[in-house]
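Student: Predicted model and sequence below, questions to follow.
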Number of protein chains: 2
Amino acid sequence: MAADTDLKAKPGYNPLYRQVKQRLVDRMASGDLPPGAVLPSEHELARELEVSQGTVRKALAELTAENLLVRQQGRGTFVAEHDQQRTLFQFFKLRPDGGSIQWPEPVFSRLASRRASTREREMLELPSGATVWRILRQRAIGDCTDVVERITLDKARFPDLDAHKPLPNNIYRLYEQAYGQTIVRAAEELRAVPARADDAEALGCRPGHPVLKIDRTAFGITGDVIEMRESTCLTDRVHYLSDLR
Amino acid sequence: MAADTDLKAKPGYNPLYRQVKQRLVDRMASGDLPPGAVLPSEHELARELEVSQGTVRKALAELTAENLLVRQQGRGTFVAEHDQQRTLFQFFKLRPDGGSIQWPEPVFSRLASRRASTREREMLELPSGATVWRILRQRAIGDCTDVVERITLDKARFPDLDAHKPLPNNIYRLYEQAYGQTIVRAAEELRAVPARADDAEALGCRPGHPVLKIDRTAFGITGDVIEMRESTCLTDRVHYLSDLR
DNA sequence: TAGTGGTCTAGACCACGCC
DNA sequence: GCGTGGTCTAGACCACTAG
(Lines give C-alpha, C1' and ligand atoms only; values in the text may rest on other atoms or scores of the structure.)
Protein backbone atom coordinates (compact mmCIF):
# COMPACT_ATOMS: atom_id res chain seq x y z
CA MET A 1 0.00 0.00 0.00
CA ALA A 2 1.32 3.49 -0.83
CA ALA A 3 2.51 5.45 2.18
CA ASP A 4 0.14 8.37 1.77
CA THR A 5 -2.88 6.11 1.66
CA ASP A 6 -1.86 4.12 4.72
CA LEU A 7 -3.89 5.46 7.61
CA LYS A 8 -1.77 3.63 10.13
CA ALA A 9 1.51 5.23 9.03
CA LYS A 10 2.18 7.15 12.24
CA PRO A 11 -0.16 5.83 14.91
CA GLY A 12 1.44 7.65 17.85
CA TYR A 13 2.02 11.08 16.39
CA ASN A 14 -1.19 11.44 14.47
CA PRO A 15 -4.09 9.38 15.77
CA LEU A 16 -6.03 7.31 13.29
CA TYR A 17 -9.26 9.20 13.90
CA ARG A 18 -7.56 12.49 13.00
CA GLN A 19 -6.41 10.99 9.74
CA VAL A 20 -9.95 9.83 9.06
CA LYS A 21 -11.12 13.36 9.89
CA GLN A 22 -8.60 14.91 7.50
CA ARG A 23 -9.69 12.59 4.71
CA LEU A 24 -13.28 13.63 5.14
CA VAL A 25 -12.34 17.33 5.27
CA ASP A 26 -10.33 16.86 2.07
CA ARG A 27 -13.34 15.29 0.36
CA MET A 28 -15.51 18.20 1.49
CA ALA A 29 -12.99 20.82 0.34
CA SER A 30 -12.59 19.16 -3.07
CA GLY A 31 -16.31 19.20 -3.75
CA ASP A 32 -16.55 15.43 -3.63
CA LEU A 33 -18.80 15.85 -0.59
CA PRO A 34 -20.70 19.08 -1.23
CA PRO A 35 -22.89 20.79 1.40
CA GLY A 36 -26.03 18.77 2.02
CA ALA A 37 -24.50 15.50 0.78
CA VAL A 38 -25.12 12.29 2.70
CA LEU A 39 -22.03 10.52 3.99
CA PRO A 40 -21.73 6.74 3.90
CA SER A 41 -22.82 5.11 7.14
CA GLU A 42 -20.34 4.56 9.96
CA HIS A 43 -20.19 0.90 9.05
CA GLU A 44 -19.43 1.58 5.40
CA LEU A 45 -16.81 4.23 6.15
CA ALA A 46 -15.10 1.85 8.55
CA ARG A 47 -14.94 -0.78 5.80
CA GLU A 48 -13.72 1.68 3.14
CA LEU A 49 -11.01 3.17 5.34
CA GLU A 50 -10.10 -0.11 7.03
CA VAL A 51 -10.54 1.13 10.58
CA SER A 52 -13.02 0.20 13.28
CA GLN A 53 -16.45 1.76 13.53
CA GLY A 54 -15.47 3.36 16.85
CA THR A 55 -12.62 5.23 15.17
CA VAL A 56 -14.92 6.52 12.43
CA ARG A 57 -17.37 7.53 15.14
CA LYS A 58 -14.77 9.61 16.95
CA ALA A 59 -13.82 11.41 13.74
CA LEU A 60 -17.47 12.11 12.89
CA ALA A 61 -18.11 13.35 16.45
CA GLU A 62 -15.33 15.94 16.21
CA LEU A 63 -16.49 17.13 12.79
CA THR A 64 -20.01 17.46 14.16
CA ALA A 65 -18.71 19.49 17.12
CA GLU A 66 -16.95 21.79 14.61
CA ASN A 67 -20.22 22.32 12.71
CA LEU A 68 -18.88 20.67 9.56
CA LEU A 69 -21.32 17.76 9.77
CA VAL A 70 -24.86 17.28 11.01
CA ARG A 71 -25.97 13.89 12.30
CA GLN A 72 -29.51 12.65 12.82
CA GLN A 73 -30.37 9.38 14.43
CA GLY A 74 -32.29 7.19 12.02
CA ARG A 75 -31.51 9.41 8.98
CA GLY A 76 -27.77 9.68 8.49
CA THR A 77 -24.79 12.01 8.47
CA PHE A 78 -24.84 15.11 6.24
CA VAL A 79 -22.35 17.79 5.24
CA ALA A 80 -23.50 20.95 7.07
CA GLU A 81 -25.26 23.63 5.04
CA HIS A 82 -25.74 27.33 5.68
CA ASP A 83 -29.45 27.00 6.17
CA GLN A 84 -31.27 29.92 7.72
CA GLN A 85 -30.88 28.66 11.26
CA ARG A 86 -27.16 27.92 11.17
CA THR A 87 -26.13 31.19 9.55
CA LEU A 88 -28.30 33.07 11.98
CA PHE A 89 -27.09 31.39 15.16
CA GLN A 90 -23.43 30.94 14.33
CA PHE A 91 -22.68 34.11 12.39
CA PHE A 92 -25.19 36.74 13.41
CA LYS A 93 -24.72 38.19 16.86
CA LEU A 94 -26.94 41.27 16.76
CA ARG A 95 -30.13 41.04 18.80
CA PRO A 96 -32.98 43.49 19.29
CA ASP A 97 -32.95 44.80 22.89
CA GLY A 98 -35.39 42.74 24.91
CA GLY A 99 -36.33 40.57 21.94
CA SER A 100 -35.13 37.30 20.49
CA ILE A 101 -32.94 36.50 17.50
CA GLN A 102 -34.35 37.19 14.02
CA TRP A 103 -33.21 37.70 10.45
CA PRO A 104 -32.47 41.32 9.57
CA GLU A 105 -34.64 42.85 6.82
CA PRO A 106 -32.76 43.91 3.68
CA VAL A 107 -33.08 47.66 3.07
CA PHE A 108 -30.49 48.43 0.41
CA SER A 109 -27.75 46.58 -1.49
CA ARG A 110 -25.14 47.59 -4.04
CA LEU A 111 -22.40 45.59 -5.80
CA ALA A 112 -19.30 47.07 -7.41
CA SER A 113 -15.71 46.06 -8.16
CA ARG A 114 -12.41 47.87 -7.79
CA ARG A 115 -8.68 47.37 -7.25
CA ALA A 116 -7.76 45.75 -3.94
CA SER A 117 -6.16 47.96 -1.31
CA THR A 118 -2.86 46.93 0.26
CA ARG A 119 -4.61 45.70 3.39
CA GLU A 120 -7.14 43.72 1.34
CA ARG A 121 -4.33 42.11 -0.63
CA GLU A 122 -2.60 41.09 2.57
CA MET A 123 -5.67 39.68 4.27
CA LEU A 124 -7.07 37.86 1.23
CA GLU A 125 -3.60 36.83 0.02
CA LEU A 126 -4.04 38.44 -3.39
CA PRO A 127 -1.37 39.30 -5.99
CA SER A 128 -0.66 42.97 -6.64
CA GLY A 129 -3.11 44.47 -9.10
CA ALA A 130 -5.89 42.06 -8.10
CA THR A 131 -9.49 43.28 -8.09
CA VAL A 132 -12.17 42.70 -5.48
CA TRP A 133 -15.93 42.81 -5.23
CA ARG A 134 -17.30 45.34 -2.83
CA ILE A 135 -20.82 44.89 -1.49
CA LEU A 136 -22.58 47.66 0.40
CA ARG A 137 -25.66 46.58 2.33
CA GLN A 138 -28.04 48.19 4.75
CA ARG A 139 -30.20 46.01 6.94
CA ALA A 140 -32.86 46.53 9.59
CA ILE A 141 -33.41 44.53 12.75
CA GLY A 142 -36.12 46.74 14.19
CA ASP A 143 -38.21 49.21 12.21
CA CYS A 144 -35.40 51.28 10.71
CA THR A 145 -31.90 50.62 9.38
CA ASP A 146 -29.45 49.75 12.12
CA VAL A 147 -26.59 48.05 10.26
CA VAL A 148 -24.45 49.13 7.33
CA GLU A 149 -22.21 46.35 5.98
CA ARG A 150 -19.25 46.59 3.60
CA ILE A 151 -18.17 43.20 2.30
CA THR A 152 -14.98 42.54 0.33
CA LEU A 153 -14.43 39.39 -1.76
CA ASP A 154 -11.67 38.16 -4.07
CA LYS A 155 -13.07 38.62 -7.60
CA ALA A 156 -11.10 35.60 -8.82
CA ARG A 157 -12.72 33.37 -6.23
CA PHE A 158 -16.21 34.67 -6.99
CA PRO A 159 -16.38 35.17 -10.79
CA ASP A 160 -19.54 36.66 -12.26
CA LEU A 161 -20.97 37.54 -8.88
CA ASP A 162 -23.01 40.24 -10.59
CA ALA A 163 -24.99 37.51 -12.35
CA HIS A 164 -26.57 36.71 -8.98
CA LYS A 165 -28.15 40.12 -8.45
CA PRO A 166 -30.11 40.86 -6.41
CA LEU A 167 -27.83 39.27 -3.81
CA PRO A 168 -29.75 37.16 -1.29
CA ASN A 169 -30.07 38.12 2.35
CA ASN A 170 -28.28 34.90 3.37
CA ILE A 171 -25.14 35.54 1.34
CA TYR A 172 -23.17 32.66 2.91
CA ARG A 173 -25.62 30.28 1.28
CA LEU A 174 -24.79 31.89 -2.07
CA TYR A 175 -21.03 31.47 -1.48
CA GLU A 176 -21.70 27.84 -0.72
CA GLN A 177 -24.15 26.91 -3.45
CA ALA A 178 -22.82 28.93 -6.38
CA TYR A 179 -19.08 28.84 -5.60
CA GLY A 180 -18.50 25.86 -3.28
CA GLN A 181 -17.04 28.18 -0.63
CA THR A 182 -18.24 27.29 2.85
CA ILE A 183 -17.60 29.71 5.71
CA VAL A 184 -16.83 27.64 8.81
CA ARG A 185 -15.33 30.15 11.23
CA ALA A 186 -14.92 33.90 11.67
CA ALA A 187 -13.12 36.33 13.99
CA GLU A 188 -14.61 39.72 14.81
CA GLU A 189 -12.97 42.81 16.29
CA LEU A 190 -15.37 45.27 17.91
CA ARG A 191 -14.84 48.96 18.58
CA ALA A 192 -17.00 51.94 19.54
CA VAL A 193 -16.38 54.78 17.09
CA PRO A 194 -18.06 58.03 16.01
CA ALA A 195 -20.40 57.57 13.02
CA ARG A 196 -19.07 58.66 9.62
CA ALA A 197 -21.26 61.13 7.76
CA ASP A 198 -22.49 58.59 5.19
CA ASP A 199 -23.21 55.92 7.79
CA ALA A 200 -24.97 58.46 10.01
CA GLU A 201 -27.31 59.33 7.16
CA ALA A 202 -28.13 55.68 6.49
CA LEU A 203 -28.61 54.92 10.17
CA GLY A 204 -30.60 58.04 10.91
CA CYS A 205 -28.29 59.47 13.53
CA ARG A 206 -26.07 62.53 13.63
CA PRO A 207 -22.44 62.25 12.43
CA GLY A 208 -20.18 61.47 15.38
CA HIS A 209 -22.88 59.52 17.24
CA PRO A 210 -21.36 56.41 18.89
CA VAL A 211 -21.72 53.33 16.68
CA LEU A 212 -20.39 49.79 16.98
CA LYS A 213 -17.84 48.92 14.28
CA ILE A 214 -17.37 45.18 13.71
CA ASP A 215 -14.45 43.97 11.58
CA ARG A 216 -15.03 40.38 10.54
CA THR A 217 -12.56 38.02 8.91
CA ALA A 218 -14.30 34.84 7.68
CA PHE A 219 -12.49 31.58 6.98
CA GLY A 220 -13.29 28.66 4.66
CA ILE A 221 -12.92 24.96 5.27
CA THR A 222 -9.23 24.96 4.34
CA GLY A 223 -8.49 27.93 6.59
CA ASP A 224 -8.25 30.50 3.77
CA VAL A 225 -9.67 33.97 4.32
CA ILE A 226 -12.77 34.06 2.12
CA GLU A 227 -14.48 37.28 3.15
CA MET A 228 -13.70 40.55 4.90
CA ARG A 229 -16.64 42.50 6.30
CA GLU A 230 -16.95 45.79 8.13
CA SER A 231 -20.28 46.30 9.84
CA THR A 232 -21.35 49.56 11.42
CA CYS A 233 -24.20 49.26 13.83
CA LEU A 234 -26.39 51.68 15.70
CA THR A 235 -26.80 50.09 19.13
CA ASP A 236 -29.67 52.25 20.35
CA ARG A 237 -32.25 49.48 19.95
CA VAL A 238 -29.92 46.55 19.25
CA HIS A 239 -26.93 44.91 20.94
CA TYR A 240 -24.17 42.43 20.12
CA LEU A 241 -24.35 39.16 22.07
CA SER A 242 -21.16 37.32 22.99
CA ASP A 243 -21.25 33.99 24.79
CA LEU A 244 -18.22 33.15 26.91
CA ARG A 245 -17.96 29.43 27.66
CA MET B 1 -31.12 -0.05 45.68
CA ALA B 2 -32.96 3.26 46.12
CA ALA B 3 -34.34 4.68 42.89
CA ASP B 4 -32.46 7.96 43.04
CA THR B 5 -29.13 6.22 43.38
CA ASP B 6 -29.75 3.77 40.53
CA LEU B 7 -27.86 5.06 37.53
CA LYS B 8 -29.69 2.75 35.18
CA ALA B 9 -33.16 3.95 36.18
CA LYS B 10 -34.06 5.50 32.81
CA PRO B 11 -31.52 4.28 30.26
CA GLY B 12 -33.36 5.54 27.20
CA TYR B 13 -34.43 8.96 28.30
CA ASN B 14 -31.31 9.99 30.15
CA PRO B 15 -28.13 8.25 29.02
CA LEU B 16 -25.93 6.67 31.66
CA TYR B 17 -22.99 8.94 30.87
CA ARG B 18 -25.11 12.04 31.50
CA GLN B 19 -26.09 10.67 34.89
CA VAL B 20 -22.41 10.06 35.63
CA LYS B 21 -21.76 13.63 34.52
CA GLN B 22 -24.47 15.02 36.78
CA ARG B 23 -23.10 13.10 39.75
CA LEU B 24 -19.67 14.60 39.21
CA VAL B 25 -21.11 18.10 38.78
CA ASP B 26 -23.05 17.63 42.02
CA ARG B 27 -19.87 16.65 43.82
CA MET B 28 -18.13 19.74 42.43
CA ALA B 29 -21.00 22.05 43.37
CA SER B 30 -21.19 20.64 46.92
CA GLY B 31 -17.51 21.27 47.56
CA ASP B 32 -16.74 17.57 47.77
CA LEU B 33 -14.55 18.05 44.68
CA PRO B 34 -13.14 21.57 45.03
CA PRO B 35 -11.19 23.33 42.27
CA GLY B 36 -7.79 21.72 41.81
CA ALA B 37 -8.86 18.40 43.33
CA VAL B 38 -7.78 15.13 41.69
CA LEU B 39 -10.59 12.85 40.57
CA PRO B 40 -10.38 9.10 40.99
CA SER B 41 -9.04 7.35 37.88
CA GLU B 42 -11.41 6.24 35.12
CA HIS B 43 -11.05 2.66 36.33
CA GLU B 44 -11.93 3.54 39.92
CA LEU B 45 -14.88 5.74 38.96
CA ALA B 46 -16.21 2.93 36.78
CA ARG B 47 -16.03 0.55 39.73
CA GLU B 48 -17.60 3.02 42.18
CA LEU B 49 -20.49 3.95 39.88
CA GLU B 50 -20.91 0.43 38.48
CA VAL B 51 -20.63 1.43 34.84
CA SER B 52 -18.01 0.63 32.22
CA GLN B 53 -14.83 2.62 31.82
CA GLY B 54 -16.00 3.80 28.38
CA THR B 55 -19.10 5.38 29.90
CA VAL B 56 -17.03 7.20 32.52
CA ARG B 57 -14.71 8.30 29.73
CA LYS B 58 -17.55 9.85 27.75
CA ALA B 59 -18.78 11.77 30.82
CA LEU B 60 -15.27 13.04 31.59
CA ALA B 61 -14.77 14.05 27.94
CA GLU B 62 -17.88 16.24 27.96
CA LEU B 63 -16.94 17.85 31.26
CA THR B 64 -13.48 18.56 29.86
CA ALA B 65 -15.03 20.13 26.75
CA GLU B 66 -17.12 22.38 29.04
CA ASN B 67 -13.97 23.50 30.88
CA LEU B 68 -15.11 21.97 34.16
CA LEU B 69 -12.27 19.43 34.18
CA VAL B 70 -8.68 19.33 32.99
CA ARG B 71 -7.11 16.01 31.99
CA GLN B 72 -3.42 15.22 31.56
CA GLN B 73 -2.11 11.97 30.23
CA GLY B 74 0.04 10.25 32.84
CA ARG B 75 -1.02 12.64 35.67
CA GLY B 76 -4.75 12.43 36.18
CA THR B 77 -8.05 14.33 35.97
CA PHE B 78 -8.43 17.59 37.92
CA VAL B 79 -11.28 19.99 38.69
CA ALA B 80 -10.57 23.10 36.61
CA GLU B 81 -9.25 26.18 38.39
CA HIS B 82 -9.32 29.83 37.43
CA ASP B 83 -5.59 30.02 36.95
CA GLN B 84 -4.19 33.05 35.16
CA GLN B 85 -4.38 31.46 31.73
CA ARG B 86 -7.95 30.19 31.90
CA THR B 87 -9.47 33.40 33.25
CA LEU B 88 -7.57 35.38 30.66
CA PHE B 89 -8.50 33.27 27.64
CA GLN B 90 -12.07 32.36 28.53
CA PHE B 91 -13.30 35.53 30.20
CA PHE B 92 -11.19 38.42 28.96
CA LYS B 93 -11.84 39.50 25.39
CA LEU B 94 -10.10 42.89 25.21
CA ARG B 95 -6.89 42.95 23.19
CA PRO B 96 -4.45 45.75 22.48
CA ASP B 97 -4.63 46.72 18.78
CA GLY B 98 -1.91 44.88 16.92
CA GLY B 99 -0.69 43.15 20.09
CA SER B 100 -1.40 39.86 21.81
CA ILE B 101 -3.46 38.99 24.86
CA GLN B 102 -2.18 40.15 28.25
CA TRP B 103 -3.41 40.80 31.78
CA PRO B 104 -4.68 44.33 32.36
CA GLU B 105 -2.79 46.37 34.97
CA PRO B 106 -4.82 47.41 38.03
CA VAL B 107 -5.07 51.21 38.31
CA PHE B 108 -7.77 51.80 40.90
CA SER B 109 -10.21 49.73 42.97
CA ARG B 110 -12.96 50.54 45.46
CA LEU B 111 -15.39 48.33 47.38
CA ALA B 112 -18.69 49.45 48.88
CA SER B 113 -22.09 47.99 49.69
CA ARG B 114 -25.64 49.26 49.22
CA ARG B 115 -29.24 48.18 48.73
CA ALA B 116 -29.88 46.17 45.57
CA SER B 117 -31.77 47.89 42.75
CA THR B 118 -34.86 46.27 41.27
CA ARG B 119 -32.92 45.04 38.25
CA GLU B 120 -30.16 43.63 40.45
CA ARG B 121 -32.72 41.81 42.58
CA GLU B 122 -34.27 40.28 39.47
CA MET B 123 -31.00 39.20 37.87
CA LEU B 124 -29.37 37.86 41.04
CA GLU B 125 -32.67 36.44 42.35
CA LEU B 126 -32.51 38.36 45.63
CA PRO B 127 -35.30 39.03 48.15
CA SER B 128 -36.52 42.63 48.49
CA GLY B 129 -34.35 44.65 50.81
CA ALA B 130 -31.22 42.59 50.00
CA THR B 131 -27.86 44.32 49.90
CA VAL B 132 -25.10 43.94 47.33
CA TRP B 133 -21.39 44.59 47.06
CA ARG B 134 -20.38 47.09 44.46
CA ILE B 135 -16.82 47.05 43.15
CA LEU B 136 -15.47 49.87 41.03
CA ARG B 137 -12.24 49.09 39.19
CA GLN B 138 -10.13 50.85 36.63
CA ARG B 139 -7.64 48.84 34.63
CA ALA B 140 -5.08 49.53 31.91
CA ILE B 141 -4.20 47.37 28.93
CA GLY B 142 -1.84 49.84 27.30
CA ASP B 143 -0.14 52.76 29.05
CA CYS B 144 -3.25 54.47 30.37
CA THR B 145 -6.62 53.41 31.79
CA ASP B 146 -8.90 51.99 29.14
CA VAL B 147 -11.50 50.02 31.14
CA VAL B 148 -13.79 51.03 33.98
CA GLU B 149 -15.60 48.09 35.56
CA ARG B 150 -18.58 48.06 37.94
CA ILE B 151 -19.15 44.67 39.54
CA THR B 152 -22.23 43.72 41.55
CA LEU B 153 -22.32 40.70 43.90
CA ASP B 154 -24.89 39.29 46.32
CA LYS B 155 -23.61 40.25 49.79
CA ALA B 156 -25.15 37.09 51.27
CA ARG B 157 -23.19 34.90 48.84
CA PHE B 158 -19.93 36.77 49.50
CA PRO B 159 -19.89 37.59 53.23
CA ASP B 160 -16.97 39.63 54.59
CA LEU B 161 -15.67 40.44 51.13
CA ASP B 162 -14.07 43.56 52.60
CA ALA B 163 -11.72 41.28 54.56
CA HIS B 164 -10.00 40.46 51.27
CA LYS B 165 -8.94 43.99 50.45
CA PRO B 166 -7.09 44.85 48.36
CA LEU B 167 -9.09 42.72 45.91
CA PRO B 168 -6.84 40.72 43.57
CA ASN B 169 -6.65 41.41 39.85
CA ASN B 170 -7.94 37.89 39.11
CA ILE B 171 -11.15 38.23 41.09
CA TYR B 172 -12.66 34.97 39.77
CA ARG B 173 -9.92 33.12 41.59
CA LEU B 174 -11.00 34.87 44.78
CA TYR B 175 -14.65 33.86 44.26
CA GLU B 176 -13.44 30.31 43.80
CA GLN B 177 -10.91 29.97 46.60
CA ALA B 178 -12.55 32.03 49.34
CA TYR B 179 -16.23 31.31 48.58
CA GLY B 180 -16.35 28.08 46.53
CA GLN B 181 -18.10 29.95 43.70
CA THR B 182 -16.75 28.96 40.29
CA ILE B 183 -17.70 31.02 37.25
CA VAL B 184 -18.14 28.62 34.34
CA ARG B 185 -19.99 30.68 31.73
CA ALA B 186 -20.93 34.27 30.97
CA ALA B 187 -23.05 36.20 28.48
CA GLU B 188 -22.07 39.69 27.35
CA GLU B 189 -24.15 42.37 25.63
CA LEU B 190 -22.13 45.02 23.80
CA ARG B 191 -23.20 48.51 22.83
CA ALA B 192 -21.49 51.70 21.62
CA VAL B 193 -22.53 54.61 23.85
CA PRO B 194 -21.37 58.14 24.64
CA ALA B 195 -19.02 58.29 27.64
CA ARG B 196 -20.50 59.46 30.94
CA ALA B 197 -18.70 62.37 32.60
CA ASP B 198 -17.13 60.25 35.36
CA ASP B 199 -16.02 57.51 32.97
CA ALA B 200 -14.64 60.07 30.54
CA GLU B 201 -12.46 61.52 33.28
CA ALA B 202 -11.11 58.10 34.25
CA LEU B 203 -10.50 57.12 30.63
CA GLY B 204 -8.96 60.44 29.64
CA CYS B 205 -11.46 61.28 26.92
CA ARG B 206 -14.11 63.96 26.59
CA PRO B 207 -17.65 63.26 27.82
CA GLY B 208 -19.76 61.90 24.96
CA HIS B 209 -16.80 60.22 23.26
CA PRO B 210 -17.84 56.79 21.88
CA VAL B 211 -17.04 54.00 24.33
CA LEU B 212 -17.84 50.29 24.34
CA LYS B 213 -20.24 49.28 27.11
CA ILE B 214 -20.16 45.57 28.00
CA ASP B 215 -22.88 44.12 30.23
CA ARG B 216 -21.79 40.76 31.57
CA THR B 217 -23.89 38.20 33.40
CA ALA B 218 -21.72 35.43 34.87
CA PHE B 219 -23.02 32.00 35.85
CA GLY B 220 -21.82 29.45 38.41
CA ILE B 221 -21.65 25.68 38.11
CA THR B 222 -25.31 25.22 39.05
CA GLY B 223 -26.46 27.86 36.56
CA ASP B 224 -27.10 30.58 39.15
CA VAL B 225 -26.19 34.18 38.31
CA ILE B 226 -23.15 34.89 40.49
CA GLU B 227 -21.93 38.23 39.17
CA MET B 228 -23.16 41.21 37.17
CA ARG B 229 -20.55 43.43 35.62
CA GLU B 230 -20.72 46.57 33.50
CA SER B 231 -17.47 47.43 31.74
CA THR B 232 -16.90 50.67 29.89
CA CYS B 233 -14.00 50.58 27.49
CA LEU B 234 -12.20 53.15 25.42
CA THR B 235 -11.53 51.34 22.14
CA ASP B 236 -9.01 53.77 20.71
CA ARG B 237 -6.05 51.47 21.33
CA VAL B 238 -7.92 48.31 22.30
CA HIS B 239 -10.62 46.10 20.76
CA TYR B 240 -12.99 43.32 21.79
CA LEU B 241 -12.32 39.97 20.12
CA SER B 242 -15.19 37.61 19.36
CA ASP B 243 -14.59 34.20 17.84
CA LEU B 244 -17.46 32.74 15.82
CA ARG B 245 -17.14 28.98 15.45
C1' DT C 1 8.18 0.44 36.92
C1' DA C 2 3.52 1.44 38.14
C1' DG C 3 -0.36 4.16 37.17
C1' DT C 4 -2.67 7.51 34.45
C1' DG C 5 -5.18 9.03 30.39
C1' DG C 6 -5.40 8.33 25.02
C1' DT C 7 -6.36 5.29 21.16
C1' DC C 8 -8.36 1.42 18.86
C1' DT C 9 -11.05 -2.53 18.38
C1' DA C 10 -15.31 -5.68 18.30
C1' DG C 11 -19.67 -6.44 19.25
C1' DA C 12 -24.36 -5.91 21.54
C1' DC C 13 -28.47 -3.47 22.11
C1' DC C 14 -31.53 0.70 21.80
C1' DA C 15 -34.04 4.82 19.65
C1' DC C 16 -35.41 6.93 15.65
C1' DG C 17 -36.87 7.78 10.64
C1' DC C 18 -38.64 5.90 6.71
C1' DC C 19 -40.94 2.64 3.72
C1' DG D 1 -38.86 -4.24 9.13
C1' DC D 2 -34.66 -2.26 7.88
C1' DG D 3 -30.96 0.93 8.19
C1' DT D 4 -29.32 4.81 10.58
C1' DG D 5 -26.92 6.93 14.47
C1' DG D 6 -26.62 6.69 19.91
C1' DT D 7 -25.28 4.11 23.98
C1' DC D 8 -22.83 0.75 26.57
C1' DT D 9 -19.58 -2.76 27.37
C1' DA D 10 -14.94 -5.26 27.69
C1' DG D 11 -10.50 -5.46 26.81
C1' DA D 12 -5.92 -4.54 24.44
C1' DC D 13 -2.19 -1.62 23.64
C1' DC D 14 0.28 2.94 23.59
C1' DA D 15 2.15 7.46 25.50
C1' DC D 16 3.12 10.17 29.23
C1' DT D 17 4.37 11.28 34.23
C1' DA D 18 6.29 10.41 38.38
C1' DG D 19 8.73 7.98 41.94
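Tutor: That came through, no problem.

Student: got the contact list for the worst-scoring helix or strand of chain A on mean pLDDT?
Tutor: Lowest by mean pLDDT, DSSP states H and E among the helices and strands of chain A is helix A:84-91, with a mean of 91. Here helix A:84-91 makes contact (C-beta atoms under 8 Å, 6 or more residues apart in numbering or on different chains) with A:67, A:80, A:101, A:103, A:170, A:172, A:173, A:183, A:186, A:218, B:244, B:245. Bear in mind the C-beta positions are built from the backbone N, C-alpha and C, glycine included.

Student: Of the residues you listed, just the buried ones, PyMOL syntax please.
Tutor: In PyMOL, a selection of the buried entries from these looks like this (16 or more other C-beta atoms under 10 Å in any protein chain shown):
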select buried, (chain A and resi 80+170+172+173+183+186+218) or (chain B and resi 244)
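
Student: Confirm for me that residue A:151 is in contact with residue A:231.
Tutor: No - shown here, residue A:151 and residue A:231 do not form a contact pair, counting by C-beta atoms under 8 Å, at 9.1 Å.

Student: just the strands in chain A please.
Tutor: Using DSSP state E, the strands of chain A run over residues A:69-72, A:76-79, A:94-96, A:105-115, A:131-140, A:145-154, A:183-194, A:210-220, A:225-233, A:238-244.

Student: how far out from the middle of the chain is the fifth one?
Tutor: What it means is strand A:131-140. Computed by C-alpha atoms, centre = their mean, to the nearest Å, the separation of strand A:131-140 from the middle of its chain amounts to 16 Å.

Student: partners of the residue nearest the centre of chain A in the sheet?
Tutor: The centre of chain A sits closest to residue A:183, judged by C-alpha atoms, centre = their mean, with a distance of 2.6 Å. Taking DSSP bridges as the rule, residue A:183 bridges to residue A:220.

Student: That one and residue A:60: what is the separation?
Tutor: From residue A:183 across to residue A:60, the span is 21 Å (C-beta to C-beta, to the nearest Å).

Student: Hmm, which of the contacts of helix A:84-91 is lowest in pLDDT?
Tutor: Lowest in pLDDT among the contacts of helix A:84-91 is residue A:101, which has 90.

Student: and the closest residue to it other than its chain neighbours, how many neighbours?
Tutor: Distances taken as C-beta to C-beta, 6 or more residues apart in numbering or on different chains put residue A:95 closest to residue A:101, at 5.8 Å, once the chain neighbours are dropped. Residues lying near residue A:95 (other C-beta atoms under 10 Å in any protein chain shown) number 16.

Student: I'd assumed residue A:239 was in contact with residue A:95.
Tutor: Yes - with contacts counted by C-beta under 8 Å, residue A:95 reaches residue A:239, the gap being 6.0 Å.

Student: Can you pull the residues that touch both of these two?
Tutor: With C-beta under 8 Å, 6+ apart as the test, residue A:95 and residue A:239 both reach residue B:189.

Student: what's the domain layout of chain A?
Tutor: A:3-79, A:84-240 (automatic domain parsing).

Student: what does chain A put close to DNA strand C?
Tutor: Neighbours of DNA strand C within chain A, by C-beta under 7 Å from any atom of the strand: A:11, A:15-18, A:51-55, A:58, A:72-75.

Student: Quick one, which of those residues has the minimum pLDDT?
Tutor: Among the residues of chain A next to DNA strand C, residue A:11 has the lowest pLDDT, at 35.

Student: ok, for residue A:168, nearest residue in space, not its chain neighbours?
Tutor: With C-beta to C-beta, 6+ apart as the measure, residue A:174 is the residue that lies nearest to residue A:168, at 5.5 Å, once sequence neighbours are left out.

Student: pretty sure that neighbour is touching residue A:167, no?
Tutor: Yes - contact status for residue A:174 versus residue A:167: in contact at 6.7 Å, counting by C-beta under 8 Å.

Student: what is the closest residue to residue A:133 other than its chain neighbours paired to in the beta sheet?
Tutor: In this structure, residue A:133 finds its nearest non-sequential neighbour in residue A:153, 4.4 Å apart by C-beta to C-beta, 6+ apart. Beta bridges link residue A:153 to residue A:133, residue A:227 when assigned by DSSP bridges.

Student: show me the contacts for residue A:153.
Tutor: A:132, A:133, A:135, A:161, A:226, A:227.

Student: gap between residue A:68 and DNA strand D?
Tutor: 14 Å (C-beta to the nearest atom of the strand, to the nearest Å).

Student: Now for that residue, how many residues are close by?
Tutor: 20.

Student: so what's it up against?
Tutor: Residue A:68 sits next to A:25, A:28, A:79, A:80, A:184, A:221 when contact means C-beta under 8 Å, 6+ apart.

Student: Please see if stretch A:209-219 touches chain B.
Tutor: Yes - applying C-beta under 8 Å from any C-beta of the partner chain, one finds stretch A:209-219 touching chain B at A:209, A:210, A:211, A:212, A:213, A:216.

Student: list the contacts for the nearest residue to residue A:110 once chain neighbours are set aside?
Tutor: Closest residue in space to residue A:110, ignoring its immediate chain neighbours: residue A:136 at 4.5 Å, by C-beta to C-beta, 6+ apart. Residues counted as contacts of residue A:136 (C-beta under 8 Å, 6+ apart) are A:108, A:109, A:110, A:112, A:148, A:149, A:150.

Student: Output those residues in JSON lines; the columns should cover distance to residue B:87.
Tutor: Rendered in JSON lines, the data for those read as follows (distance: C-beta to C-beta, whole Å):
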{"residue": "A:108", "distance to residue B:87": "43"}
{"residue": "A:109", "distance to residue B:87": "42"}
{"residue": "A:110", "distance to residue B:87": "44"}
{"residue": "A:112", "distance to residue B:87": "45"}
{"residue": "A:148", "distance to residue B:87": "35"}
{"residue": "A:149", "distance to residue B:87": "34"}
{"residue": "A:150", "distance to residue B:87": "35"}
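
Student: Show me the two of those residues that sit farthest apart.
Tutor: A:112 and A:148 (15.1 Å; C-beta to C-beta).

Student: what residues does chain A put near chain B?
Tutor: So chain A meets chain B at A:65-67, A:90-91, A:93, A:95, A:184-194, A:209-213, A:216, A:233, A:235, A:239-245 (C-beta under 8 Å from any C-beta).

Student: Spatially nearest residue to residue A:94 (excluding sequence neighbours)?
Tutor: residue A:238 (5.4 Å).

Student: Look at the one you found and say how many residues are nearby.
Tutor: By other C-beta under 10 Å, 20 other residues sit near residue A:238.

Student: With residue A:176 instead?
Tutor: Residue A:176: 21 surrounding residues under other C-beta under 10 Å.
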